[in-house]
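J.: prediction below, plus the sequence it came from.
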Amino acid sequence: MGAIGGEELKQVEKEQKAQMAGAREERILVVVRLRPLSDKEIIANEVADWECINDNTILYRNTLREGSTFPSAYTFGTDRVFRGDCLTKQVYEEGAKEVAVSVVNGINSTIFAYGQTSSGKTYTMTGITEYTVADIFDYINRERAFVLKFSAIEISNEAIRDLLSSENTQLKPRDDPERGLIVEKVIEEVLRDWNHLKELLSICEAQRKIGETSLNERSSRSHRIIRLTIESSAREFLGKENSTTLAASVNFVDLAGSEQASQSLSTEARLKEGCHINRSLLTLSTVIRKLSKGRQGHINYRDSKLTLILQPCLGGNARTAIICTLSPARSHVEQTRNTLLFACCAKEVATKAQVNVVMSDKALVKHLQREVARLESELKSPVPPPSNSDYAALLRRKDLQIQKARINYHPNQLEGDAWEDDYSASESSCLADSNRLDVHVGKFNSIHCSNTESGSNIEQPYHQPLNNHEDHSMSVSGQSLDETLGETADDPDEYCKEVQCIETEEPAGDYNSDSRGLPNGESEGTLALTLYGDGDGTDQEAMSTSMNGDREANHIQNGIAFDLLEQRLHHIQNTIYSFVSPDKSSPYPQLADLSSSRSLNLNRSLSCRADVMRGTSSHYADQKHFESTPPNGWEKIFPGRPHGYGKKFLLLNYGANNEVLSRNNSQSSLGSASIKSAVDEDITSIQSFVAGLKKQLANGQVQSTGLEVDEYERCRIGPNA
Ligand SMILES: Nc1ncnc2c1ncn2[C@@H]1O[C@H](COP(=O)(O)OP(=O)(O)OP(=O)(O)O)[C@@H](O)[C@H]1O
């Protein structure tokens, strides 16, 4: 371990930059630990079918199952396998130490124990944690000054709890702009000495959720993460302005064990826990499996709290070792194979660890001054403002997004917000066999349907000013929570934002009263076009004059806006005519027209058509047309939208009782001819509004149309927006 400080600051910065540019990628270290047969297994006349034949290979020796298609030997190349008679000290020294103690050099590290229930995870991790801390204390007493902080959480049934707190409060993961994903309000104890550590460990043990199953009297029913955060500085530079601190964390992760319901013979409560445990382990193995294939596509970190919190350890800024624990018993052969498959996948996963340096205040100020100077020089040569063609490109991009959302939309995905992985099945089968890597089962509640990676590459440095933990948060570096929560461009919800109704500033009640007292708009649909305007148009009443500052940025400048608006009006006019025309031979005559124009119209017309047809069928729509109308599935993607909002609705409203309602109180029910005339009236008013704006623009009275790209795109046609 080299001392860092003073003159070395520049060197550290240089190294750090180099590391940020190309942090060292290394594969997760995987070790396999076979335990001896337990007393219980010996009494049950169990046979040990597994044997470590050398330091890298474990062999299945069951002559009765010679015809099996499963491999009988698993070799781990440079990684290690440990026989049943190996001590934990040896597993630590040869399998985990190098990774664990890199934390004192400012590198985040994580040691996992993974395996079926009763295979020896807690047994192994208890030893590994103590040996690591002993080594860290040893370093402390030598060349560098350290501050060690201890924190511990457990994840049980998807709830995060502080193991150092007597309260049962659930903790929340939160995105911190500086530190990445953190768990809020975690207690961090500054470690004083060895006895203090033992005391804290026993508190954690006492607080951790355990339960009895037939396979393990003291089975861990939660995933436990103990974290040691270490800040270190070279003694000779302590307190000096140019001192530099290394800061990193080491995580000791004792996972709850996967279990087969048939084997663990658990009570109902245990079964439920087991299901949660199996689910999160399933997500972990899915993440590992996908990462092992090279991080292409979406990595489902956020499908469980476990993977969300451990994300940096799985694919980010950390060195990671996984200890896979095995029972040699014949009765557990299937689970043992699954653990070995997990191990094989895990050793293909690479992380990129970096040295995490925290600068002193003075060094930081210097660094920031340089940054300010750089930004100032950039400001002196500003980027030219976007041109009209940029806006046109933006519109085209939005069209593509909307089209894509439509293609990606499958009603089943949205019902109940459930998302199945490519190899998922039912929850009940997850209980039966959750540990399989190849045929994993499970169905997760998920708030995304994204199919692209939500940013698994976490390559930011782990700048963590650990001496400044006002909120005592447990932090892991990585991408933003928004990203991890799947707010990617491919998320249908994201697309919905693009096409859904314009937000309102008017209470729903206003609209409802306008709609002749329809009960909360409950069964009412709205066919509406909403525009914003800041000009003195002829139909000011129908146009919202509301504008806010940041919308200004999106204004479409100059004449291009008018042309596009007129085009859009033309399409809307055609669409509405085709809705109300009784003599169409095809149920979708307007689609051909619209598909060549804005896909927004196409999407929305699919959804609103059914309702318009329903709403007006007594007047003119024949039953055949109605039946062949596509289901109104799009509406499902706007759950919980309040009724009757929107700014001022220009076109028409309709009710469930086949009455078509205009926006005016004067008419309560309209036939198709009346609809046409209402539409004409509204379109005329929009056209004169545009003409008015044009005139004002020509006279230099207004700078822009006040029409926004976003709002322009979101012109809404359809019920319950
Ligand atoms: N390598 C080993 N040598 C001797 N005994 C062991 C070894 N590994 C585990 N055991 C014993 O096996 C039993 C189960 O171990 P442990 O509780 O660590 O399993 P686990 O994988 O953590 O189980 P669970 O997932 O149910 O919590 C314990 O009694 C433990 O002492």
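T.: All right, it came through fine. Just so it is clear, the model here is predicted, and its values are computed rather than measured. Residues are numbered from 1 along each chain as shown.
J.: spell out which residues of the stretch 101-250 of the chain are next to the ligand.
T.: With Cβ under 6 Å from any ligand atom as the criterion, the stretch 101-250 of the chain meets the ligand at residues 115, 117-123, 216, 218-220. C-beta here means a position set from N, CA and C on the backbone, and glycine is covered the same way.
J.: what's the end-to-end length of stretch 77-89?
T.: Stretch 77-89 has an end-to-end distance of 22 Å (Cα to Cα, to the nearest Å).
J.: and it, which residues are buried?
T.: Of all the residues in stretch 77-89, those buried under the rule 16 or more other Cβ atoms under 10 Å are 79-84, 86, 88.
J.: cool, stretch 26-45 as well?
T.: Within stretch 26-45, the residues that qualify as buried are 27-35, 37-38, 41, counting by 16+ other Cβ under 10 Å.
J.: next one: stretch 341-350
T.: Neighbour counts over stretch 341-350 (16+ other Cβ under 10 Å) mark 341-347, 349-350 as buried.
J.: establish whether it and the ligand are in contact.
T.: No. Stretch 341-350 lies apart from the ligand when judged by Cβ under 6 Å from any ligand atom; the minimum separation is 13.9 Å.
J.: give me the contact list for that stretch.
T.: 25-30, 32, 74, 76-77, 79, 114, 285, 288-289, 291-293, 314-315, 320, 322, 324, 435-438 (Cβ atoms under 8 Å, 6 or more residues apart in numbering).
J.: separate out the buried members of the residues you listed.
T.: Buried members of the contacts of stretch 341-350, counted by 16+ other Cβ under 10 Å: 27-30, 32, 74, 76, 79, 114, 285, 288-289, 291-292, 314-315, 320, 322, 324, 435-437.
J.: which of the three states applies to His332?
T.: Recorded secondary structure, His332: helix (DSSP: H, G, I helix; E, B strand; the rest coil).
J.: and the two most separated of the buried residues of stretch 26-45?
T.: Farthest-apart pair in the buried residues of stretch 26-45 is Arg27 and Glu41; separation 33.3 Å (Cβ to Cβ).
J.: where does pLDDT dip in the stretch 201-350 of the chain?
T.: Within the stretch 201-350 of the chain, the segments meeting pLDDT under 70 span 238-243, 259-270, 295.
J.: so which residue of it comes closest to the ligand?
T.: Of all residues in the stretch 201-350 of the chain, Gly257 sits closest to the ligand, at 2.4 Å by Cβ to the nearest ligand atom.
J.: correct me, but that residue touches Ser118?
T.: Yes. In this structure, Gly257 is within contact of Ser118 by Cβ atoms under 8 Å, at 6.6 Å.
J.: tell me who's in contact with Ile128.
T.: Ile128 touches 88, 91-92, 96, 100, 111, 113, 252, 323, counting by Cβ under 8 Å, 6+ apart.
J.: which among those residues end up buried?
T.: Using 16+ other Cβ under 10 Å as the burial test, the contacts of Ile128 include 88, 91-92, 96, 100, 111, 113, 252, 323 as buried.
J.: just to revisit the earlier point, out of the residues of the stretch 101-250 of the chain next to the ligand, which sit inside helices?
T.: Mapping these onto helices (DSSP state H) picks out 121-123.
J.: ok, which stretches of the stretch 1-150 of the chain are strands?
T.: All strands of the stretch 1-150 of the chain, identified by DSSP state E, counting those that start in this stretch, fall at 24-27, 29-34, 50-52, 57-60, 73-75, 80-82, 109-115, 144-156.
J.: in JSON lines: the ones you listed, plus mean pLDDT.
T.: JSON lines is the format used below for these (pLDDT from 0 to 100):
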{"stretch": "strand 24-27", "mean pLDDT": "81"}
{"stretch": "strand 29-34", "mean pLDDT": "94"}
{"stretch": "strand 50-52", "mean pLDDT": "91"}
{"stretch": "strand 57-60", "mean pLDDT": "90"}
{"stretch": "strand 73-75", "mean pLDDT": "87"}
{"stretch": "strand 80-82", "mean pLDDT": "93"}
{"stretch": "strand 109-115", "mean pLDDT": "93"}
{"stretch": "strand 144-156", "mean pLDDT": "89"}
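J.: tell me the spacing between the residue of the stretch 201-350 of the chain closest to the ligand and Gln311.
T.: 22 Å (Cβ to Cβ, to the nearest Å).
J.: looking at these two now, which is surrounded by more residues?
T.: Applying other Cβ atoms under 10 Å to Gly257 and Gln311 shows that Gly257 carries more neighbours, namely 30 against 25.
J.: near the ligand, which residues of this structure?
T.: Going by Cβ under 6 Å from any ligand atom, the residues of the chain near the ligand are 35-36, 38, 115, 117-123, 216, 218-220, 256-257, 325.
J.: drop anything exposed from those residues.
T.: Neighbour counting by 16+ other Cβ under 10 Å classes 35, 38, 115, 117-123, 216, 219-220, 256-257, 325 among the residues of the chain next to the ligand as buried.
J.: pull the most distant pair out of the residues you listed.
T.: Greatest spatial distance among these (Cβ to Cβ): Ser38 and Ala256, at 18.4 Å.
J.: returning to what we had before: out of the buried ones among the contacts of Ile128, which is nearest to Leu400?
T.: Closest to Leu400, out of all of those and judged by Cβ to Cβ, is Ile111, at 45.4 Å.
J.: okay, the closest one and Asp55: tell me how far apart.
T.: Separation of Ile111 from Asp55 (Cβ to Cβ) stands at 19 Å.
J.: repeat that for Ile160.
T.: 38 Å.
J.: tell me the confidence at Ala393?
T.: Ala393 is assigned a pLDDT of 73 by the prediction.
J.: ugh, wrong one, I meant Val372
T.: pLDDT, Val372: 75.
J.: for Tyr92, same thing?
T.: Note for Tyr92: predicted pLDDT of 96.
J.: surely it and Gly127 touch.
T.: Yes. Tyr92 is in contact with Gly127 according to Cβ under 8 Å; the separation is 6.5 Å.
J.: looking at the protein, which helix or strand is least sure?
T.: Every helix and strand in the chain was compared by mean pLDDT, DSSP states H and E; the lowest is strand 444-445, with a mean of 24.
J.: what do Gly257 and Ser118 both touch?
T.: 216, 219.
J.: now do the phi/psi pair for Ala44.
T.: Phi and psi for Ala44, reported as degrees, to the nearest 10, are phi -80, psi 10.
J.: and the pLDDT for it?
T.: 89.
J.: go on, the one 5 residues further on?
T.: Note for Asp49: predicted pLDDT of 89.
J.: swap in Thr126?
T.: Per-residue confidence at Thr126 stands at 94 (pLDDT).
J.: which residues does it contact?
T.: Taking Cβ under 8 Å, 6+ apart, we find Thr126 in contact with Leu201.
J.: okay, and Ala321 sits in which element?
T.: When elements are assigned from DSSP states H and E, Ala321 belongs to strand 319-326.
J.: now stretch 163-176: buried residues?
T.: Buried-residue list, stretch 163-176, by 16+ other Cβ under 10 Å: 163-165, 171, 173, 175-176.
J.: list of residues touching that stretch?
T.: By Cβ under 8 Å, 6+ apart, stretch 163-176 touches 150-154, 159-162, 181-187, 189, 200, 203-204, 207-208, 224, 305, 308-309, 473, 475, 480-482.
J.: swap the cut-off to 6 Å and go again
T.: If you take Cβ atoms under 6 Å, 6 or more residues apart in numbering as the criterion, stretch 163-176 is touched by 152, 154, 159-160, 162, 181-184, 187, 204, 207, 308, 480-481.
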